[in-house]
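**Student:** The following block contains a protein sequence and its predicted model.
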Amino acid sequence: MQVIELTLKDEAATIELGEDLALALKAGDCLALSGDLGAGKSTLARAFLRAMADDETLEVPSPTFTLVQSYELRIAVSHFDLYRLADVSELDELGFDEALSEGICLVEWPENALSALPKSRLTAIFSHLGDGRLVKIAGEAATLLRIERSLAIRTFLRQRGYGHAKRRHLSGDASARAYERILVSGEPTRILMDSARHKPGPILQDGKYYQQLAHLAEDVIPFVAIDRDIRQKGFSAPDIYESDLDAGILLIEDLGSDGILDADGRPIAERNLESVRVLAHLHAQPVTRDISLGTVNHHIPDFDRSAMKIETSLLLDWYLPWKRGEKASDAERHGYFAVWDHLIDLMASSEKKLLLRDFHSPNIIWRGERSGFERIGIIDFQDSMIGPTAYDVASITQDARVTIEPELRDAMLSLYCAERNALGTFDEPTFRRDWHLMSAQRNCKLVGIWVRLMQRDGKPFYMKHMPRTFSYLEVALQHEALAPLRDWCIKAGIL
């Protein structure tokens, strides 16, 4: 067991620790709180629960007599007080194992049932230290790493004058990034991006791992660089207030919470059309390949053959084995990549500009009170590349997380082409062919990602997007240029 040792000078510091732990713990974690009466256990538990609920007025009664109090929050939390536990066997009657399988367990007076608590538990031992408290948190290395990361974020905020800010979970996504709302009384909300440097994966080809081959951002430098480029060109990306590039922590502007979907998750035509208009004007801008951040320089990579093919390989490596129960044969792999080599060759002379890469509903903020390009806030672009402009248009007109009906899709495509034609030379027929090619490339990638998220990352809820993704792929394959890929999919039993 490793140990984190902290000095808490007062009750406010104990409350801050509770909030920091609420951002570090996840379902399956058990936190055992030990210490004398008045040492701070209940204060920390109360702060933890209120932070998890994002409600500072949440009633947190002591479970001394009931032994357990359960809360259905962002993550389910069960608060146990075992001071009056008569026998360890009572823990089973209280539903401890079920509570731990579904959420987080906070346990006060764990000494009364140590034999029944999981060996992988965290233990926070409180003791008096002058007017303050000393707390020692012990646990397995992987769990302590999460806590150390949360404490490092608190240190980052403290060093920049936000040490006593309220931290609240905002969201996570399919990547390892996480976001928090940073609240200071009387000031606008800020957003904290937590994006630690990516750890290298297994080597796949040419001495590179997947992130390198696909040109995915491995730290926050690309985000900061592209953010600067977009803002300088007159588009709305968040202002970056504070940063630690090495640690992967950014404090950025909150562009708002309204999106381009309605309350039922359906696309709002006006907002989607305005998003496409902004995209057309962004694509008409000259490309900035190298962006200086003072001490470092970011070179925007090309969406090259290697990147396109490593992404489409997700269909072979993840989707096909899941679908058929067996891996693709060597002949199937060879045929599939030969098709993609042919399709990529077709785009040799296509227009290539800045690609935001994931320009769709989760990453677009609607700012209706603004005017012009300011109405569309862009928040996810760290994986930007230089490549066929049709990719971003395919991304929003075939939104991976919401169904875009054909009528709206066609209106968005027509608006994009009209804007581009009005802005200067634009090869519309080639663009429309490329839209089908980039749609096929993107959707071949996505069907593999949904399975990978389920099988490798324990995120099965993304599988609900699979039917939509295949419906989009079928539209892409309707273009005559995609006939070889359509034939391959039919032969492989995918369509």
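**Tutor:** Perfect, thanks for sending it. Numbers count the residues shown, from 1 in each chain.
**Student:** Mind giving me the packing neighbours of the helix or strand of the chain with the lowest mean pLDDT?
**Tutor:** In the chain, no helix or strand scores lower on mean pLDDT, DSSP states H and E than strand 166-172, which sits at a mean of 88. In terms of contacts (3 or more Cβ pairs under 8 Å, 6 or more residues apart in numbering; DSSP states H and E), strand 166-172 is packed against helix 11-22, helix 41-53, helix 141-159, strand 178-183. Where you see a C-beta, it was placed from the backbone N, CA and C, and this is true even at glycine.
**Student:** do you know which of these lies nearest Ala422?
**Tutor:** Ala422 lies closest to strand 178-183 among the helices and strands packed on strand 166-172, at 36.6 Å (Cβ to Cβ).
**Student:** who touches that closest one?
**Tutor:** Strand 178-183 is contacted by residues 23, 153, 157, 162, 165-172, 189-195, 251, 254 when judged by Cβ atoms under 8 Å, 6 or more residues apart in numbering.
**Student:** That one to helix 141-159, inter-axis angle?
**Tutor:** Using axes from the mean of the first three to the mean of the last three Cα atoms, to 10 degrees, the inter-axis angle of strand 178-183 relative to helix 141-159 is 40 degrees.
**Student:** 58 is where my numbering starts, stick with that
**Tutor:** Got it, the first residue is 58 from now on, which makes the last one we talked about strand 235-240.
**Student:** So which bits of strand 235-240 are buried?
**Tutor:** Ala235, Tyr236, Glu237, Arg238, Ile239 (16 or more other Cβ atoms under 10 Å).
**Student:** I'd like the residues you listed as a markdown table, with pLDDT and distance to Arg362 appended.
**Tutor:** Output for the buried residues of strand 235-240, formatted as a markdown table (pLDDT from 0 to 100; distance: Cβ to Cβ, whole Å):
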| residue | pLDDT | distance to Arg362 |
| --- | --- | --- |
| Ala235 | 93 | 33 |
| Tyr236 | 95 | 33 |
| Glu237 | 96 | 38 |
| Arg238 | 97 | 41 |
| Ile239 | 97 | 42 |
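**Student:** Distance to Ala84 for those residues - can I get that in TSV?
**Tutor:** As requested, the buried residues of strand 235-240 are exported to TSV (distance: Cβ to Cβ, whole Å):
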residue	distance to Ala84
Ala235	15
Tyr236	19
Glu237	18
Arg238	21
Ile239	24
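**Student:** what's the closest of these to Asp456?
**Tutor:** Using Cβ to Cβ, the buried residues of strand 235-240 come closest to Asp456 at Tyr236, 20.4 Å.
**Student:** what's around the closest residue to the closest one other than its chain neighbours, how many residues?
**Tutor:** In space, and not counting its chain neighbours, Tyr236 is closest to Leu227: 4.2 Å by Cβ to Cβ, 6 or more residues apart in numbering. Neighbour count for Leu227, taken as other Cβ atoms under 10 Å: 17.
**Student:** Quick one: residues contacting Leu227.
**Tutor:** Leu227 touches Tyr236, Glu237, Arg238, Ile248, counting by Cβ under 8 Å, 6+ apart.
**Student:** swap in Arg466?
**Tutor:** Contacts of Arg466 by Cβ under 8 Å, 6+ apart are Thr454, Gln455.
**Student:** Over to the one 3 residues further on?
**Tutor:** Under the criterion of Cβ under 8 Å, 6+ apart, the contact list for Met469 reads Asn329, Leu330, Val333, Val450, Ile453, Thr454, Ile461.
**Student:** can you tell me how far it sits from Gly444?
**Tutor:** Distance of Met469 to Gly444, given as Cβ to Cβ, to the nearest Å: 20 Å.
**Student:** returning to what we had before: now, among the contacts of Met469, which is nearest to Glu147?
**Tutor:** Nearest to Glu147 among these is Ile461, at 54.6 Å by Cβ to Cβ.
**Student:** you'd agree the closest one is in a helix?
**Tutor:** No. According to DSSP: H, G, I helix; E, B strand; the rest coil, Ile461 belongs to no helix; its state is coil.
**Student:** okay, now the domains of the chain?
**Tutor:** Using automatic domain parsing, the domain ranges for the chain come out as 59-221, 313-548.
**Student:** now the end-to-end length of the last one.
**Tutor:** As for domain 313-548, its first-to-last residue distance stands at 47 Å under the measure Cα to Cα, to the nearest Å.
**Student:** List the buried residues of stretch 114-121.
**Tutor:** The neighbour-count criterion (16+ other Cβ under 10 Å) identifies Val117, Pro120 as the buried residues of stretch 114-121.
**Student:** give the contact list for the closest residue to Asp296 other than its chain neighbours.
**Tutor:** What sits nearest to Asp296 in space, not counting adjacent residues and going by Cβ to Cβ, 6+ apart, is Glu310, at 4.1 Å. With contact taken as Cβ under 8 Å, 6+ apart, Glu310 is in contact with Arg247, Ile248, Pro295, Asp296, Ile297, Tyr298.
**Student:** same thing but 10 Å
**Tutor:** Each residue near Glu310 by Cβ atoms under 10 Å, 6 or more residues apart in numbering is listed here: 245-248, 284, 293-298, 434, 436.
**Student:** ok, now Phe394?
**Tutor:** Taking Cβ under 10 Å, 6+ apart, we find Phe394 in contact with Lys366, Thr369, Ser370, Leu373.
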